[in-house]
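>>> give me a 3D structure for the following:
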Amino acid sequence: MADEITKPAAPEQAAAPEAGARPSGPRPGGRPGQRPGGSGRDGGRKFFRRKKVCKFCTEKIDNINYKDVRLLSGFVAESGKIVPRRLTGVCTPHQRRVTEAIKQARNIALLPFAAGH
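Residues are numbered from 1 along each chain as shown. Below you'll find the model as predicted:
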């Protein structure tokens, strides 16, 4: 027994974790996996978005006239770009007709090509 040497316990090693080790226990400030800054009130459900319905199909508008500037201006952004289908909810055939009518109205200067500065 005289051959055994007792080493004193190193308190620095026990208190400080290793450089690559993760602390155990829950994350500070919320549930596990929750994004920082999130409200947490959604309960993990995705946002419900109502399906957009074509305005022309519901109102049974057959022809889209290029002279109807008030109707067409709703499909042109402030920058002058034509608003895409996924934002307006218009069906494909009607979007094509709207696009053609907007282009005709632009050519005869009823609608602007670009945003007014």
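>>> please enumerate the helices of the protein.
For the chain, the helices defined by DSSP state H occupy 11-15, 55-58, 69-72, 85-88, 92-107.
>>> now, of these, which is deepest in the fold?
helix 92-107 (a mean of 16; mean count of other C-beta atoms under 10 Å). Using the backbone N, CA and C atoms, a C-beta is placed for each residue, glycine as well.
>>> who are the contact partners of residue 91?
By C-beta atoms under 8 Å, 6 or more residues apart in numbering, residue 91 lies in contact with 54, 56-57, 85.
>>> 7 Å instead, please
54, 57 (C-beta atoms under 7 Å, 6 or more residues apart in numbering).
>>> next: residue 90.
Counting by C-beta under 7 Å, 6+ apart, residue 90 touches 54-56, 98.
>>> can you rerun that using 6 Å?
Neighbouring residues of residue 90 by C-beta atoms under 6 Å, 6 or more residues apart in numbering: residue 54.
>>> for residue 52, give me the pLDDT.
At residue 52, the model reports a pLDDT of 83.
>>> phi, psi for it please.
phi -80, psi 140 (degrees, to the nearest 10).
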